[in-house]
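>>> turn this into a structure:
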Amino acid sequence: MVFYFTSNVTSPPVKLFMGIDKYENEDLIKWGFPEDVWFHVDNVSSAHVYLRLQKNQTLDDIHQDVLIDACQLVKANSINGNKMNNIDIVYTMWDNLKKTPSMEVGQVSFHNPKLVRKMRVERRINEVVNRLNKTKIEEHPNFQQQREERDGLERQDRKKVVREHKEREKDMLKKKLEEAEMKSYSSLHKPEKMSTNYDDDNDSDDFM
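Residues are numbered from 1 along each chain as shown. Predicted coordinates for the structure are as follows:
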């Protein structure tokens, strides 16, 4: 089961979500989207909270108020972190998460620690947490199916781009051939290259 929350601090609103337990977190780790941003309390056990960006967006595109919502949600769903002040929330893109067979369920590390960012949270902001909790809904998504559907649409988009690129190349080649043909035609009809059957100064019909 997954909990979904709506952050309405931006227009349009964005969705935040997290697994109910470490086993759901494991599925989210396995079947996440490349557009997903992962949040967690640094060095303290907590929920894994995700934010799904639009394609081609980066961490720099996340609105500051959305970051605050995500970090407050992580803090509020950490048994120890919720009681602590001045904690750091780490966040990174899903594809930077590293999972090895030796790790415990729900545990992750990073392929590149330099791509992990931190945000300091001084205290819990109840107004933010309460606002998010009012939007909370429970769903039972099929993570694998969602990821396969997403990848299928991406493949279709790539094929469309390749097809359009080939069509543009074909049109350009056709245009070049037409221009070359017109150039050749014009060259053949230049005065200096034209000939005539007129017999200059010879009005005789004799063949002798």
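>>> what segments of this protein are helices?
22-31, 64-76, 126-133, 143-188 (DSSP state H).
>>> mind giving me the packing neighbours of the third one?
Going back to what we said before, that points to helix 126-133. strand 2-7, helix 64-76 (3 or more Cβ pairs under 8 Å, 6 or more residues apart in numbering; DSSP states H and E). Placement of C-beta: from N, CA and C, glycine included.
>>> just the ones you listed: most buried one?
Each of the helices and strands packed on helix 126-133 was scored by mean neighbour count; the highest is helix 64-76, a mean of 22, by mean count of other Cβ atoms under 10 Å.
>>> hey, C-alpha coordinates of it in PDB?
C-alpha atoms of helix 64-76 as PDB (Å, rounded to 0.1, in the frame of the first residue of the first chain):
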ATOM      1  CA  GLN A  64      11.400  25.700  -2.600                       C
ATOM      2  CA  ASP A  65       7.900  25.300  -0.900                       C
ATOM      3  CA  VAL A  66       7.500  21.800  -2.400                       C
ATOM      4  CA  LEU A  67      10.900  20.900  -0.900                       C
ATOM      5  CA  ILE A  68       9.700  22.100   2.500                       C
ATOM      6  CA  ASP A  69       6.600  20.000   2.200                       C
ATOM      7  CA  ALA A  70       8.600  16.900   1.200                       C
ATOM      8  CA  CYS A  71      11.100  17.400   4.000                       C
ATOM      9  CA  GLN A  72       8.400  18.000   6.600                       C
ATOM     10  CA  LEU A  73       6.600  14.900   5.500                       C
ATOM     11  CA  VAL A  74       9.800  12.800   5.800                       C
ATOM     12  CA  LYS A  75      10.500  14.200   9.300                       C
ATOM     13  CA  ALA A  76       7.000  13.600  10.500                       C
END
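>>> TSV please, covering the helices and strands packed on helix 126-133 and showing mean pLDDT and distance to L51.
Below are the helices and strands packed on helix 126-133 laid out as TSV (pLDDT from 0 to 100; distance: least, Cβ to Cβ, whole Å):
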stretch	mean pLDDT	distance to L51
strand 2-7	97	8
helix 64-76	98	6
